[in-house]
Each structure stands twice: as structure tokens, then as C-alpha cells.
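Student: Structure, please.
(one chain, ligands or ions: 2)
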Amino acid sequence: MTSNFDDDVPAPADPSAGDGEAQHPSTKVDRPRIEAAVREILLAIGEDPDRGGLLDTPKRVAKAYAEMFAGLHHDPAEILATTFDLDHEELVLVKDIPFYSTCEHHLVPFHGVAHVGYIPSHDGKVTGLSKLARVVDMFARRPQVQERLTTQIVEALVTHLKPRGAIVVVECEHLCMSMRGIRKPGAKTVTSAVRGQLHDPATRAEAMSLILGR
Ligand SMILES: Nc1nc2c(ncn2[C@@H]2O[C@H](COP(=O)(O)OP(=O)(O)OP(=O)(O)O)[C@@H](O)[C@H]2O)c(=O)[nH]1
Ligand SMILES: [Zn+2]
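Tutor: Ligands and ions are numbered 1, 2, ... in the order given. Okay, here's the model as predicted:
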């Protein structure tokens, strides 16, 4: 069967090995269309897309975009479906989760760290720590703005873990502000989203001191 569509990332040799990048039926990106568009961009900037160094560039960009935007075709429910019962009623926080995303205004990267915390539900539903980082990556691998990335992560926790509280803090440098435009390398943007019991000032202060105490 021929298709214009291609999978976002190559399937692992053994899908049961589960490296988290296994193919998903809805994970489709139209690589030939990206390749044609990249060739057009190269022409538009005054380059020669047929010179040796650029010949494979459209294909490489298409492959890279398929990976960078794979999160469009995934659902946090898949990631947060794995939970287990644990009698833990206090804050669980994974901090300094590094990630790369793509600014939806300029299609250049923004990158930084996310801090993700929650207070488990009364029935003790907790998820694996790696799943919190997977949720960050899934939403980061989309055309994004930092504010939406932050709220999407916290809403995914609220929807799928039903925690008593949740907090997400994201710190990023936007290359659209560093390499072009206003040109302020090193400027950091910090966003936060808080839900439930994390609104309580003392609980929030505890979470923030854990996040900031490096
Ligand atoms: N709120 C928000 N703004 C962002 C984010 N990423 C980029 N931006 C901003 O989006 C804005 C787009 O502004 P425009 O005036 O439409 O575009 P522009 O002419 O390229 O703007 P400059 O970057 O100021 O040169 C810029 O101010 C960017 O700094 C983000 O994640 N959140
Ligand atoms: Zn931008």
C-alpha cells in the first residue's frame, strides 16, 4: 500500500521492548508534503536546493519535523493510563525535566525545564515518575506557546489522575527572542499553573521552595 503519510519515528526493532516511541495508528505526518515545502523555502531564500549539501535537506527536515511534532498525534490518556495504588498523601514532584518545543509563531525552538508536581487522589492513584516527563514531552512536541504548554500539562494531570492538587512551573528560553527579533539571549520566561489544594498558600509555598531550591 502506498501512502503520502509516514510514521513520525521509526518503529523499534522489537515493539515489545517499549522505548516509548512505538508506532501509534494515528501517528501520521505527511513527509513528502514537508519535503516539497522545504524545497520551496530554500528557493525562496535564494538558495539552490539542488546543490550537493542541500540535496537531502528536505528529507532530513521532514524526518525531524515528524519527530518534533509527533505529540500532535498522541493523547495524554495513553501515558497516564498506567497508575498504581500507593498510600501517599503528600506532594510528588519531578523537577528540572528538560524539554524542547517549537514556538508556533516562528517555528523555532524554545527550550528549558518543567517542574511537575501533584498531590495524589484520596484513593491513592499515582503514576510512574517517568510518565510525568512523558506528558511534558508529548505536549512539547507540538507547535506551542509556553502558556498553553503549561496549562495542558496541569490539565492532563487533573483529568487523568484526579489529584487533590497539581502544579506545573515551566522556565524557558525562546530562540525567537534570542537569535532574531529583540535578540535577548538568556532571557527566561517563567509560567505556572496551579490546581486544587496547591492553591493553598502554605502548600504552594512548600512546592515552590522545593522547585526553586536548587
Ligand atoms: N505569550 C507568548 N508569546 C510568545 C511565545 N513565543 C513567542 N512569543 C511572542 O510572540 C510574539 C509574536 O509577535 P508578532 O509581532 O506577531 O511577531 P514578530 O513581528 O515576529 O515579533 P517580534 O518577535 O517582536 O519580532 C512575539 O512577541 C514573541 O516574543 C510564547 O510562548 N508565549
Ligand atoms: Zn517565537
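Student: Could you pull out the strands in the protein for me?
Tutor: Ranges of strands within the chain are 6-7, 28-29, 83-85, 92-103, 109-119, 125-127, 143-144, 165-174, 189-196, based on DSSP state E.
Student: So what are the sheet partners of the fifth one and their directions?
Tutor: Strand 109-119 sits in its sheet next to strand 92-103 (antiparallel), strand 165-174 (antiparallel), going by DSSP bridges.
Student: just those: most buried one?
Tutor: strand 165-174 (a mean of 23; mean count of other Cβ atoms under 10 Å). Glycine gets a C-beta too; all of them are placed from N, C-alpha and C.
Student: That one close to ligand 1?
Tutor: Yes - Strand 165-174 comes into contact with ligand 1 (Cβ under 6 Å from any ligand atom), by way of His174.
Student: now the angle between strand 189-196 and that strand, please.
Tutor: Angle of strand 165-174 versus strand 189-196, following axes from the mean of the first three to the mean of the last three Cα atoms, to 10 degrees, is 170 degrees.
Student: near ligand 1, which residues of this structure show up?
Tutor: Going by Cβ under 6 Å from any ligand atom, the residues of the chain near ligand 1 are Cys103, His105, Val145, Gln146, Glu147, His174, Cys176, Met177, Gly181, Ile182.
Student: Name the member of these with the most neighbours.
Tutor: When those are compared by neighbour count (other Cβ atoms under 10 Å), His174 ends up highest, at 24 neighbours.
Student: Kindly provide the distance from that one to Thr191.
Tutor: Between His174 and Thr191 the computed distance is 12 Å (Cβ to Cβ, to the nearest Å).
Student: Next, show the common contact partners of those two.
Tutor: Counting by Cβ atoms under 8 Å, 6 or more residues apart in numbering, the contacts common to His174 and Thr191 are Gln146.
Student: residue boundaries of the helices in the protein?
Tutor: 31-44, 57-68, 76-80, 129-140, 146-161, 175-178, 201-212 (DSSP state H).
Student: Report all helices and strands that the longest one contacts.
Tutor: Here helix 146-161 touches helix 76-80, strand 109-119, strand 125-127, helix 129-140, strand 165-174, strand 189-196, going by 3 or more Cβ pairs under 8 Å, 6 or more residues apart in numbering; DSSP states H and E.
Student: Compile the strands paired with strand 109-119 into TSV and extend it with columns for distance to ligand 2.
Tutor: As requested, these are exported to TSV (distance: least, Cβ to the ion, whole Å):
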stretch	distance to ligand 2
strand 92-103	3
strand 165-174	6
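Student: Make a markdown table out of those strands and add distance to His199 and mean pLDDT.
Tutor: Shown next, in a markdown table, are these (distance: least, Cβ to Cβ, whole Å; pLDDT from 0 to 100):
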| stretch | distance to His199 | mean pLDDT |
| --- | --- | --- |
| strand 92-103 | 16 | 98 |
| strand 165-174 | 7 | 98 |
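Student: who wins for proximity to Val126 among the ones you listed?
Tutor: Closest approach to Val126 among the strands paired with strand 109-119 is made by strand 92-103 (6.6 Å; Cβ to Cβ).
Student: can you list the residues that contact the closest one?
Tutor: 68-69, 108-120, 126, 129, 132-133, 136-137, 140-146, 149, 167, 172, 174-176, 207, 210-211, 214.
Student: Can you tell me the closest non-neighbouring residue to Ser192?
Tutor: In space, and not counting its chain neighbours, Ser192 is closest to Val169: 4.6 Å by Cβ to Cβ, 6 or more residues apart in numbering.
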